[in-house]
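**Student:** Sequence below, structure please.
(chains A and B)
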Amino acid sequence: MPRRKKKYMEDDEVIVLENVGKIYRENNSHALEDVSIRIKKGEFVFVVGESGSGKSTLTKLLLRELTPTQGNIYVLNYDLKKIPHRRIPKYRRNIGVVFQDFRLLKDRNVYENVAFAQRIIQVPGREIRRNVPRVLATVGLAGKYRVRPNNLSGGEQQRVAIARALVNKPAILLADEPTGNLDPKTSLEIMHLFEEINNAGTTVIMVTHDQTIVNAMCKRVITLNKGVVISDEENGVYIDED
Amino acid sequence: MRKTGYISMKISTLFYTFWQGIKNIFRNKLFSLASIATISACLFLFGIFYSILVNFQNIVKTAEEGVCIVVFFDEGIDESRIEDIGEMIRRRSEVAKINFVSADEAWESFKDDYLGEYSEGFLENPLADSANYEIYLNDVSMQASLVTFLESIDGVREVKRSELTAMTLDGVNKLIGYVSAGIIIILFAVSVFLISNTVTIGISVRKEEISIMKYIGATDFFTRAPFVIEGILIGLIGSALPLGVIYFLYNKAIGFVSEQFTVLSSLLNFLTVEEVFKTLVPVSLAIGVGIGFFGSFSTVRKHLHV
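**Tutor:** All right, here's what the predicted structure looks like:
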């Protein structure tokens, strides 16, 4: 009889943080304190806050780069506090990541950058040849598959990064300041792309401090301040105190 | 159906990893070349040293085979006792060969060597008590223990040996052994250090790519394997090159030494290149691959916390 997997969260939930705290031992700084968040499947959530509010720590905790000092984190029914090292790669395959600085491989063209994500999780070649053009079409870059990142605009580079994050069909898309290096018009286009991805069923968690974008989207907004959640609102707004 | 997919996936992974390993070499062209050159230089020196060593050992062995102990018997000993003594000596493991020289044979040999026509004045054999056994050893370092044994045998009058030759050959053998071990250890250490440096630089050059791989969900094996393949390939190329060079140089060097030192031609008994390569090729390749594997594997473990 197969062993039933322990259930850490409700069926419609993808991320659960219970009283999470993180202290960096090196300088004894409290990056997060008593953070409790529950995110449901298919949600679009902004995590906002000033520099040093704990946004990056939260991202690293969700990617299991760090472990919490206290509390529990459950993502897609993985207990991130107890997950063995050898299972971390398998866990991360469920999460697509997009960075502010794109992090594309400069020595490879658009197609190879996206295919790279599939190759490293050992997807067979014929599937890669089928999946990559499809996802490039989704992000509007079907015609630029042979171009190197350096010959693309910032917005196009971010689209490649999104395609790379999407190609492995993750349940969650985690975007860390994805519009930080883009002009307002391109930022809005990228946000529309994220909205389309979200509408297709992928849960989107976006860490940002871009007030205009957050307020234009009317989504759930979780605000962090000095490591503490100070507000968590549906159709929320972000008031940048700077 | 699923199984076929799984197998093809694994093969494609293998090819991808291998290809990435080759690409790594070209990405850090300069450091790869430096590593290959240094490993080649180390293994070239190793090859040269090994060739000299095995030839020297061969020459020493030939010389050892010529070193003999001569056993003389008590006066009036009967033939059956001589045979018994011969049998006792033959049973000793350090004995390679034993020859019986009768008193008549000893006199004939002495006459031929030293007296010539003047021997006709001797009516009787003046070496009547000179029947002996000539004993040749497997290992010259065992001479002392064999002599002690021979001297203890009843019926043995005298044991003649060349102690100086035996000690010199034994000493030379040991010296060559120690020096070669020392040089080989130094060469290994230098090569491992260089491979390790190349891989460290390779990792720092590809830090961005490695971090992306980790975020996307690459396994530790998948992240590490290209670097280990890179190290192995560098080691393999670094070991194959000097073998080629030594192959061409060896015969020329042997020819040159034989021509220049014709006086020593009877002593200088060189091995053929094929005889030397029978051991040198597998050992060099194994060392190259080993250095590449361990150098890169330990570096990847140290610098790649995935």
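
**Student:** hang on, residue A:21 is in a strand, isn't it?
**Tutor:** Yes: secondary structure assignment (DSSP: H, G, I helix; E, B strand; the rest coil) places residue A:21 inside a strand.

**Student:** Please report the distance of it from residue A:196.
**Tutor:** For residue A:21, the distance to residue A:196 (CB to CB, to the nearest Å) stands at 36 Å. To be clear about C-beta, it is placed using only N, CA and C from the backbone, and glycine gets the same treatment.

**Student:** centroid residue for chain A?
**Tutor:** Nearest to the mean C-alpha position of chain A, by CA atoms, centre = their mean, lies residue A:174 at 0.5 Å.

**Student:** Wasn't it part of a strand?
**Tutor:** Yes: judged by three-state DSSP, residue A:174 forms part of a strand.

**Student:** so who does residue 19 touch?
**Tutor:** By default, I'm working from chain A. By CB atoms under 8 Å, 6 or more residues apart in numbering or on different chains, the contact list for residue A:19 reads A:34, A:35, A:36, A:70, A:71, A:72.

**Student:** and chain B, which of those contact it?
**Tutor:** The overlap between the contacts of residue A:19 and the neighbours of chain B (CB under 8 Å from any CB of the partner chain) is empty.

**Student:** In strands, which of those appear?
**Tutor:** Using DSSP state E, the members of these that fall in strands are A:34, A:35, A:36, A:70, A:71, A:72.

**Student:** Test of understanding: give the bridge partners of the second one.
**Tutor:** Note on residue A:35: beta-bridge partners residue A:20, judged by DSSP bridges.

**Student:** thought it was touching residue A:58?
**Tutor:** Yes: using CB atoms under 8 Å as the test, residue A:35 is close enough to residue A:58 to be in contact (7.3 Å).

**Student:** out of the two, which sits in the busier spot?
**Tutor:** A count of neighbours by other CB atoms under 10 Å in any protein chain shown puts residue A:58 above the other of residue A:35 and residue A:58, at 29 against 24.

**Student:** and the more buried one, what pLDDT?
**Tutor:** On pLDDT, residue A:58 comes in at 96.

**Student:** and what of the one 4 residues further on?
**Tutor:** With respect to pLDDT, residue A:62 scores 96.

**Student:** again with residue B:265
**Tutor:** In the prediction, the pLDDT value recorded for residue B:265 is 65.

**Student:** quick revisit: JSON lines for the contacts of residue A:19, including pLDDT?
**Tutor:** Formatted as JSON lines, the entries for those read as follows, by pLDDT from 0 to 100:
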{"residue": "A:34", "pLDDT": "95"}
{"residue": "A:35", "pLDDT": "96"}
{"residue": "A:36", "pLDDT": "96"}
{"residue": "A:70", "pLDDT": "95"}
{"residue": "A:71", "pLDDT": "96"}
{"residue": "A:72", "pLDDT": "96"}
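
**Student:** Can you select the buried ones among these for me in ChimeraX?
**Tutor:** Those of the contacts of residue A:19 that count as buried under 16 or more other CB atoms under 10 Å in any protein chain shown are selected in ChimeraX with:
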select /A:35,71,72
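
**Student:** Please tabulate the contacts of residue A:19 in JSON lines, including the columns distance to residue B:50.
**Tutor:** What follows is the contacts of residue A:19, written out as JSON lines (distance: CB to CB, whole Å):
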{"residue": "A:34", "distance to residue B:50": "68"}
{"residue": "A:35", "distance to residue B:50": "65"}
{"residue": "A:36", "distance to residue B:50": "69"}
{"residue": "A:70", "distance to residue B:50": "62"}
{"residue": "A:71", "distance to residue B:50": "63"}
{"residue": "A:72", "distance to residue B:50": "62"}
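
**Student:** ok, so of the contacts of residue A:19, who is nearest residue A:160?
**Tutor:** The closest of these to residue A:160 turns out to be residue A:35 (CB to CB; 32.3 Å).

**Student:** Relative to residue B:52, how far out is the closest one?
**Tutor:** Residue A:35 sits at a distance of 71 Å from residue B:52 (criterion: CB to CB).

**Student:** The host helix or strand of residue B:188 packs against which elements?
**Tutor:** Element membership of residue B:188 [criterion: DSSP states H and E] is helix B:163-205. For helix B:163-205, the elements it packs on are helix B:2-27, helix B:29-66, helix B:143-151, helix B:220-260, helix B:273-303, judged by 3 or more CB pairs under 8 Å, 6 or more residues apart in numbering or on different chains; DSSP states H and E.

**Student:** Let me know the angle separating it from helix B:220-260.
**Tutor:** Here helix B:163-205 runs at an angle of 140 degrees relative to helix B:220-260 (axes from the mean of the first three to the mean of the last three CA atoms, to 10 degrees).

**Student:** check contacts around residue B:142.
**Tutor:** By CB under 8 Å, 6+ apart, the neighbours of residue B:142 are residue B:94.

**Student:** what does residue B:147 give?
**Tutor:** Contacts were defined as CB under 8 Å, 6+ apart; by that measure residue B:147 touches B:69, B:159, B:161.

**Student:** quick one, strands of chain A?
**Tutor:** With DSSP E, the ranges of strands along chain A come out as A:13-24, A:29-40, A:44-48, A:70-75, A:78-79, A:95-99, A:172-176, A:203-208, A:220-225, A:228-233.

**Student:** Tell me which of these sits nearest to residue A:187.
**Tutor:** Put simply, out of those the one that sits nearest residue A:187 is strand A:203-208, at 9.7 Å, with distance taken as CB to CB.

**Student:** quick revisit: hey, least reliable of the helices and strands packed on helix B:163-205 by pLDDT?
**Tutor:** helix B:2-27 (a mean of 71).

**Student:** So for residue B:143, which of the strands of chain A sits nearest?
**Tutor:** Using CB to CB as the criterion, the shortest distance between residue B:143 and those is 73.1 Å, found for strand A:13-24.

**Student:** quick one: buried residues of the closest one?
**Tutor:** Per 16+ other CB under 10 Å, strand A:13-24 contains these buried residues: A:13, A:14, A:15, A:16, A:17, A:18, A:20, A:22, A:23.

**Student:** And stretch B:75-88, by the same measure?
**Tutor:** So stretch B:75-88, judged by 16+ other CB under 10 Å, has buried residues B:77, B:82, B:85, B:86.
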